[in-house]
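> What follows is a predicted structure for the sequence shown.
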There are 2 protein chains.
Amino acid sequence: MISVILLGAGNVASHLYKAFSASDSVEIKQWYNRSYGAIKSFKNNTEVIDDLSQLKDADIYILAVSDDAVSSLSDTLPFENRFIVHTSGTMSMYDLEKKNKRGVFYPLQSFSKHADIDFKKVPFCIETEDKLKLQLLKDLATALGSEFYKITTEQRKTLHVSAVFINNFSNQMYRIAHEISDADNIAFDLLKPLILETANKVQDMSPYMAQTGPAKRNDKKTLKKHLKLIQDEEHQEIYKLMTKSIQKTHGIKYRFDIKRKKNNER
Amino acid sequence: MISVILLGAGNVASHLYKAFSASDSVEIKQWYNRSYGAIKSFKNNTEVIDDLSQLKDADIYILAVSDDAVSSLSDTLPFENRFIVHTSGTMSMYDLEKKNKRGVFYPLQSFSKHADIDFKKVPFCIETEDKLKLQLLKDLATALGSEFYKITTEQRKTLHVSAVFINNFSNQMYRIAHEISDADNIAFDLLKPLILETANKVQDMSPYMAQTGPAKRNDKKTLKKHLKLIQDEEHQEIYKLMTKSIQKTHGIKYRFDIKRKKNNER
């Protein structure tokens, strides 16, 4: 049984709380948050506290707080030589105060407040200062049914950037498609299977191999037609830039004549 | 039983052939292709021909050929007043020669040669000149287990643009993430669950509601860190433009200082 004390009450903390509670091999000893209100409704299941001086002994202290709070919270912990981890994609392991043994337990997934999370589909990036503590994080991930990967602080930062491209930017592509199709009274439902297929395809095939469409085919007629159809100037800019990017990836030399009204770019 | 004659042997035609063959309510009367070689291996299952003058009577003639060939092929068909449809996302219904009754049977999905297609997940955009023929296309979609939507030529063109954003551009986001993480020796497998989650999320929630991340939060520190981390200039440009787009969508006014080496853009 791994004993855990959870600090913080945001999205990640709340989802972890739920998942730890459901696991047979994890005991949540305490749940700390600086504001008691956010966690008090759990007081019948777990010891909830808002005072750091009440923190008990545990195998792992998980600081699931906002990036800005990682350092300061770790500074104010009233103990030494215990094992503390944060859950951030961007903060260094060394942003944790060095009086304790440090590590990172970063779930690479998009967490929403209201959507349930299946931790079987959440890989954890784990890192520890003390090699001997690594097994504990492996066990903790396994207790949630999750995959884990040993990832350095530098790699984690790169991963976080990659995740922005995959998650935020793809989602914005969906959003733009939603705007464009909405303006023409087309149900977004019609596009949902394509969204899934696009994501499914790269589970077994590299994105390079999976690419299709007018940019990849260098179908100039369609590219021009599309650009004419797109009303919004920013969407046009995105269309051009992404087409350029696809063509660069696939070694195609064609370029739109990118002309601007006010100044020529090249 | 709907009798169908298929013309063309590309991706869409091949997948349709397979799906029609498996359906109890569709009879493939003939399969035409201008080059016999591409279809001759099916000669024991279906009458395969490379001569238009041999075309028999059928309920629907499906011209599943490249965009460029739609008009010319429909011109050379040696009959009149029969029901012909194309399967293109970009061509107008009126690109078909008017001596026949015209329609469109456009599957909105990404087809690859080697990946199997589950037509239950392929919505068809249908359109007919003659209202009475619409039911036939509905029945044909239903015979494949597919959803169908009545979509005008104008809407179909808009859809095709939207599909590029969703499919090609999201896939390029995956590709960029692949490049970025590869350069740091990170397994792309680690990012695959996030790709799926991103796509799954918008099945029940609008992309607007599903958005998260540093752009949406206007987390300037992370935005700047990311931009520093990204090596490739084009990837930087995409990062900036997509951040700008997300922030515009969500009513945030922050902008990167977009400075170029050679000329100032604004």
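That came in fine, so what should we check first? Residues are numbered from 1 along each chain as shown, chains lettered A, B, ... in the order given.
> how far away is residue A:179 from residue B:162?
Applying CB to CB, to the nearest Å, the value for residue A:179 to residue B:162 is 9 Å. Yep, even glycine has a C-beta here, placed from its N, CA and C like the rest.
> higher neighbour count, the two?
A side-by-side neighbour count of residue A:179 and residue B:162, using other CB atoms under 10 Å in any protein chain shown, places residue B:162 first with 26 against 18.
> That one: helix or strand, and which one exactly?
Using DSSP states H and E, the secondary-structure element containing residue B:162 is helix B:153-163.
> Please apply the same query to residue A:180.
Applying DSSP H and E as the criterion places residue A:180 in helix A:170-182.
> Over to residue A:28?
Counting by DSSP H and E, residue A:28 is found in strand A:26-32.
> Report all helices and strands that that strand contacts.
Secondary-structure packing of strand A:26-32 (3 or more CB pairs under 8 Å, 6 or more residues apart in numbering or on different chains; DSSP states H and E): strand A:2-7, helix A:11-22, strand A:47-49.
> among the ones you listed, which is the most enclosed?
Using mean count of other CB atoms under 10 Å in any protein chain shown, the stretch among those with the largest mean neighbour count is strand A:2-7, at a mean of 22.
> That one vs strand A:26-32, what angle?
20 degrees (axes from the mean of the first three to the mean of the last three CA atoms, to 10 degrees).
> Please identify the pairing partners of strand A:2-7 and their relative orientation?
In the sheet, strand A:2-7 lines up against strand A:26-32 (parallel), strand A:60-63 (parallel) (DSSP bridges).
> how about the helices and strands packed on strand A:26-32, which one is nearest residue B:101?
helix A:11-22 (55.8 Å; CB to CB).
> How far away from the center of its chain is the closest one?
16 Å (CA atoms, centre = their mean, to the nearest Å).
> Please apply the same query to stretch A:139-149.
For stretch A:139-149, the distance to the chain centre is 17 Å (CA atoms, centre = their mean).
> what does stretch A:84-100 give?
17 Å.
> What is the one helix or strand residue A:140 maps to packed up against?
Element membership of residue A:140 [criterion: DSSP H and E] is helix A:134-143. Where contact means 3+ CB pairs under 8 Å, 6+ apart, helix A:134-143 is packed against strand A:2-7, strand A:60-63, strand A:101-107, strand A:124-128, strand A:148-150.
> 10 Å - rerun?
With contacts taken as 3 or more CB pairs under 10 Å, 6 or more residues apart in numbering or on different chains; DSSP states H and E, helix A:134-143 sits against strand A:2-7, helix A:11-22, strand A:26-32, strand A:60-63, strand A:83-86, strand A:101-107, strand A:124-128, strand A:148-150.
> Quickly note the distance from residue A:180 to chain B.
According to CB to the nearest CB, to the nearest Å, residue A:180 and chain B sit 5 Å apart.
> now the angle between helix A:134-143 and the strand holding residue A:28, please.
Using the same axes, to 10 degrees: strand A:26-32 against helix A:134-143 is 100 degrees.
> Could you chop chain A up by domain?
A:2-151, A:156-249 (automatic domain parsing).
> nearest to residue B:136, of those?
Judging these by CB to CB, what sits closest to residue B:136 is domain A:156-249, at 20.5 Å.
> avg pLDDT for that closest one?
For domain A:156-249, mean pLDDT rounds to 95.
> Stretch A:42-49 now?
Confidence for stretch A:42-49, expressed as mean pLDDT, is 95.
> List of residues touching that stretch?
Residues outside stretch A:42-49 that contact it (CB atoms under 10 Å, 6 or more residues apart in numbering or on different chains) are A:5-7, A:9, A:14, A:17, A:20-21, A:27-33, A:36, A:38-41, A:54-56.
> Now that stretch - C-alpha only, CSV.
Listed in CSV are the C-alpha atoms of stretch A:42-49, where the atom choice follows Å, rounded to 0.1, in the frame of the first residue of the first chain:
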residue,chain,number,x,y,z
PHE,A,42,-14.7,15.2,1.1
LYS,A,43,-14.2,15.3,4.9
ASN,A,44,-16.1,12.1,5.5
ASN,A,45,-13.9,10.1,3.2
THR,A,46,-10.5,11.6,3.8
GLU,A,47,-8.8,13.8,6.3
VAL,A,48,-8.9,17.2,4.7
ILE,A,49,-6.7,20.1,6.1
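> My read is that residue A:52 contacts residue A:63, right?
No: counting by CB atoms under 10 Å, residue A:52 stays clear of residue A:63, with 11.5 Å between them.
> Those two: who's more crowded?
More crowded of residue A:52 and residue A:63, by other CB under 10 Å: residue A:63, with 25 against 14.
> list the contacts for the more buried one?
Each residue near residue A:63 by CB under 10 Å, 6+ apart is listed here: A:5-8, A:13, A:32, A:69-71, A:73-74, A:77, A:84-88, A:91, A:96, A:104-105.
> Over to residue A:227?
Applying CB under 10 Å, 6+ apart to residue A:227 gives the contacts A:235-236, A:239-240, A:243, A:256, B:161.
> Downstream of the helix or strand hosting it, the next helix or strand is which one?
Taking DSSP H and E as the criterion, residue A:227 maps to helix A:220-229. Downstream of helix A:220-229, the first helix or strand assigned by DSSP H and E is helix A:233-249.
> Could you verify my assumption that residue A:83 touches residue A:100?
Yes: between residue A:83 and residue A:100 there is a contact at 7.1 Å, judged by CB under 10 Å.
> Show the pLDDT at residue A:4.
Per the predicted model, pLDDT is 98 at residue A:4.
> give me the beta-bridge partners of it?
Under the criterion used (DSSP bridges), residue A:4 bridges to residue A:28, residue A:60.
> Spit out the contact partners of it.
For residue A:4, the contacting residues are A:16-17, A:20, A:23, A:26-31, A:58-62, A:85, A:140, A:143, by CB under 10 Å, 6+ apart.
> change it to 7 Å
Applying CB atoms under 7 Å, 6 or more residues apart in numbering or on different chains, we find residue A:4 in contact with A:20, A:26-29, A:58-60, A:62.
> Tell me the one of those residues nearest chain B?
residue A:20 (19.5 Å; CB to the nearest CB).
> Against which helices or strands is the helix holding residue A:180 packed?
Contacts defined by 3 or more CB pairs under 7 Å, 6 or more residues apart in numbering or on different chains; DSSP states H and E place helix A:170-182 against helix A:233-249, helix B:153-163, helix B:170-182, helix B:192-204, helix B:207-210, helix B:233-249.
> hey, which of these is tucked in deepest?
It is helix B:170-182: most buried of the helices and strands packed on helix A:170-182 by mean count of other CB under 10 Å, with a mean of 24.
> Direction-wise, compare that one with helix A:192-204 and give the angle.
30 degrees.
> Taking their axis directions, helix B:170-182 and helix A:153-163 sit at what angle?
Using the same axes, to 10 degrees, helix B:170-182 lies at 170 degrees relative to helix A:153-163.
> coming back round to it: now the contacts of residue A:227 in a markdown table, with distance to residue B:123?
Below are the contacts of residue A:227 laid out as a markdown table (distance: CB to CB, whole Å):
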| residue | distance to residue B:123 |
| --- | --- |
| A:235 | 23 |
| A:236 | 27 |
| A:239 | 23 |
| A:240 | 28 |
| A:243 | 25 |
| A:256 | 30 |
| B:161 | 17 |
